[in-house]
Each structure stands twice: as C-alpha cells, then as structure tokens.
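Asks: Dropping the sequence and predicted coords here.
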Amino acid sequence: MHIKTAALNLNDYLDEDTPAFMWGPPGCGKSQATQQIADSRGWNLIDFRASTRDSVALMGLPDISGDTTKWKVPDEFPQVERDGPEGILFLDELNAAPPSMMAAMFGLVLDRKVGDYVLPKGWRVVAAGNRQTDRAAAQRMPTALANRFAHIDVEADTSAGHDNVHVEHFNKIGMDPIMIAFLRFRPHLIHKMPESSDDRAFPTPRSWEQAAKYIGKDSSRRLSLVSGVVGDGAAGELEGFIRVYQKLPSLDLVLANPNSAPLPDDPSARFAISAALGRRADAKTFENAMTYIRRIPAREFEIMMAVDAVRRDPGLSHTQTFTDWAVRNQDVTLG
C-alpha cells in the first residue's frame, strides 16, 4: 500500500495500542509519516535505534548501591516527567539490529517492559525497517518478535496522475515546480531501486527531496550535484527536462494573453507548463491560467494545474473558475 493508506492503518493501530511494524524500501516515507502522525496528535516521538545498541546494555547499567542490584535503564526511553504522558517510541531499522538485540526487544514490544523499565501507559510502540529484498542491511526477523507486531507493507507510489501521494507531498512542502513537473512526467523514477550493489545513489522520494535543493545551481554543476543524490541516469533525464522547461513561454505572457500565448507541443513541456501555472496562479490570474491550460487537448493537464493550485491555495476553491472546473470534472477528487 502507498504511504497515505499505510498512515491511516498506523493511526488505527495507535488508537488501539497495537504495536505496528512498517516494512518498505528505503526513502519511501515510513519515518516521515510516523513523525507527522505524532505531530498531528501533539505527541512526542523518541527514535531508538536498536541497530546501534548492544543487547546487554538494553537493560541498562547495574546499580549496586543497595543490598540488591537494580538497573539504570537507557535515558532515551520515554519518561513521563520529561517526555509527556503520551507518545511514540519509534524503533527505526529494528530488523537491521543483530539477532541478539531483536530477541532482547521481545519484552519491550509486547509486555512493555525490559529489565526494571516499564513503558508509560500512554506510549505506543512503532517500528520500521527495510525488507531483505530491498538489498538494505535488513536481517530476518525472529518469528516470535514478528508475531508481536501488526505489519504494514509500504510501497512507493509511482503512479501517473494528479493524486500521486509523493508529488502531493512535494507540492505541500513547496518543492520547485520544475521537479514537480519532471516527476509527473517520469513517475516511474520517483522510486527506483539500484540495479547493482555498485549503485550508491538512486532515486527515492527522500533523495528527490534532497536533489530539489540543487535545481537552481548553474547548469555546469547541477548535473553532478543531482547525480550524487539520485544517480547518473535519473539526473541526466532531469537535466534534459530542465532544458525543455527553460524554453517555455513566459508565465507573465501566458497569464496576460491566455487565448494567444503559444502552446507547447512536446508532452514534457505540457507537464512543465501545467506545474508552473499551478504554482503561480492566484485569485486574480486563476481564470486566465485555466483558459490557457484548457487549450491543451488532454484533460489531464487541466486537472493537474487546478488540483495543484487549489491544494496550494485552498481559497481558490471558492472562485467561480474552480466551481466551473469541478462541474466539468465531477469524477475527480482532491483527497
């Protein structure tokens, strides 16, 4: 399932205090989705990396100051006085930990205790990790530990169309419209696992978010910078797309003369102009943007432009232009 559906399932598991494990390839948004859920609930999130801990140290250091030995638990574990009465203990990369460490987590996940430590009542356990097929550092999880979790399988969304969940997120965070347009044009590149173990950089939603920071660099350096984040092939395709984007008619011209401004013929340029108008249109120019984009025969570009614009500026949904668009496109949902 895509990360948006996975987040809905995770919310339900949190409501019922069922420990949940999110499985998926690197960079598909597992950690980010968990943090966003915690933020939306007003909860704290503590990231505990079992892969960097020793199983013996999980119980803490021995305190022999009294007649019997007690254990000083790791300070990272939730403490109500410091971290609040509710929150998420996030065990990221849990299945990258050695088997002895995963075995040591049995009690914490199901019985909510390890050594002398007891997880506060309002805290929930969520774990995440890559699958062995993702060629990451994942190891086989013991069945006894796996049986203590509800499991959520996450896949990257590489579908075309206005409702791609990753593109929706990129729009929400204000990613450069050039990158938005490119990933709409080449959605299969949103997530592409490396073809060999020598491929250190490869496209994921996470790496595209980083690559977008270099869109504005000089062309003499941009290709190598982006290649270092998403790999040579994806970076080369992006560079070719940018050249197309730079040849588009001026947005000022388009918005001033929507009936006569030139229309692009190239499919990639059409994706580019729809993304650019979706980012640029405001209450004064929305009608002209719609007039222009409707001159392109394919309805998908009108949909993309309108959805992007309204998601960016919800006030546009109250305009007559949007009302007319919604009547023409009753089969489209904004989500």
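Replies: Now that the structure is in, tell me what you want to look at. In this text, all values refer to a predicted model and were calculated from it rather than measured experimentally. Numbering: from 1, shown residues only.

Asks: Let me know the pLDDT of A103.
Replies: With respect to pLDDT, A103 has a value of 79.

Asks: Just want the phi and psi numbers for it.
Replies: phi -60, psi -40 (degrees, to the nearest 10).

Asks: where along the protein do the strands fall?
Replies: Using DSSP state E, the strands of the chain run over 20-23, 44-47, 61-63, 70-72, 86-92, 113-114, 117-118, 122-129, 150-153.

Asks: will you turn those strands into JSON lines that also has mean neighbour count?
Replies: All C-beta spots, glycine's among them, are computed from the backbone N, C-alpha and C. Output for these, formatted as JSON lines (neighbours: other Cβ atoms under 10 Å):
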{"stretch": "strand 20-23", "mean neighbour count": "24"}
{"stretch": "strand 44-47", "mean neighbour count": "17"}
{"stretch": "strand 61-63", "mean neighbour count": "11"}
{"stretch": "strand 70-72", "mean neighbour count": "14"}
{"stretch": "strand 86-92", "mean neighbour count": "22"}
{"stretch": "strand 113-114", "mean neighbour count": "16"}
{"stretch": "strand 117-118", "mean neighbour count": "16"}
{"stretch": "strand 122-129", "mean neighbour count": "23"}
{"stretch": "strand 150-153", "mean neighbour count": "16"}
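
Asks: okay, those strands in TSV with mean pLDDT next?
Replies: Shown next, in TSV, are those (pLDDT from 0 to 100):
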stretch	mean pLDDT
strand 20-23	94
strand 44-47	95
strand 61-63	69
strand 70-72	70
strand 86-92	94
strand 113-114	83
strand 117-118	86
strand 122-129	94
strand 150-153	94
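
Asks: how about CSV for those, with distance to G228 added?
Replies: Shown next, in CSV, are these (distance: least, Cβ to Cβ, whole Å):
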stretch, distance to G228
strand 20-23, 28
strand 44-47, 26
strand 61-63, 42
strand 70-72, 43
strand 86-92, 24
strand 113-114, 41
strand 117-118, 42
strand 122-129, 26
strand 150-153, 30
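
Asks: which stretch among the ones you listed comes nearest K284?
Replies: strand 44-47 (41.4 Å; Cβ to Cβ).

Asks: partners of that closest one in the sheet?
Replies: For strand 44-47, the paired strands and their directions (DSSP bridges) are strand 86-92 (parallel).

Asks: okay, the angle between the strand it pairs with and strand 122-129?
Replies: 20 degrees (axes from the mean of the first three to the mean of the last three Cα atoms, to 10 degrees).

Asks: how far is strand 86-92 from where the chain is centred?
Replies: Centroid separation for strand 86-92 versus its chain: 18 Å, with Cα atoms, centre = their mean, to the nearest Å.

Asks: Name the residues that touch that strand?
Replies: Outside strand 86-92, the residues that touch it by Cβ atoms under 8 Å, 6 or more residues apart in numbering are 14, 31, 34, 37-38, 41, 43-50, 77-78, 105, 109, 119, 122-129.

Asks: again, only using 7 Å
Replies: 31, 34, 38, 43-50, 78, 119, 122-128 (Cβ atoms under 7 Å, 6 or more residues apart in numbering).

Asks: again with stretch 298-307
Replies: 162, 184, 270, 274, 277-278, 289-290, 293-294, 322, 325, 329, 332, 334.

Asks: buried subset of those residues?
Replies: Among the contacts of stretch 298-307, those classed as buried by 16 or more other Cβ atoms under 10 Å are 162, 184, 270, 274, 277-278, 289-290, 293-294, 322, 325, 332.

Asks: Could you report the pLDDT at M59?
Replies: M59 is given a pLDDT of 65.

Asks: I meant P249, not that one.
Replies: Looking at P249, its pLDDT reads 89.

Asks: Does it touch P258 like I think?
Replies: No - look at P249 against P258 with Cβ atoms under 7 Å: they stay out of range, at 10.9 Å.

Asks: who's more crowded, those two?
Replies: P258 (19 against 15; other Cβ atoms under 10 Å).

Asks: pretty sure the more buried one is touching E287, no?
Replies: No - counting by Cβ under 7 Å, P258 stays clear of E287, with 8.4 Å between them.

Asks: Burial check on the spatially closest residue to H166 that is not a sequence neighbour, number of neighbours?
Replies: Closest residue in space to H166, ignoring its immediate chain neighbours: P205 at 4.5 Å, by Cβ to Cβ, 6 or more residues apart in numbering. Using other Cβ under 10 Å, P205 is surrounded by 24 other residues.

Asks: can you check F286 too?
Replies: 25.
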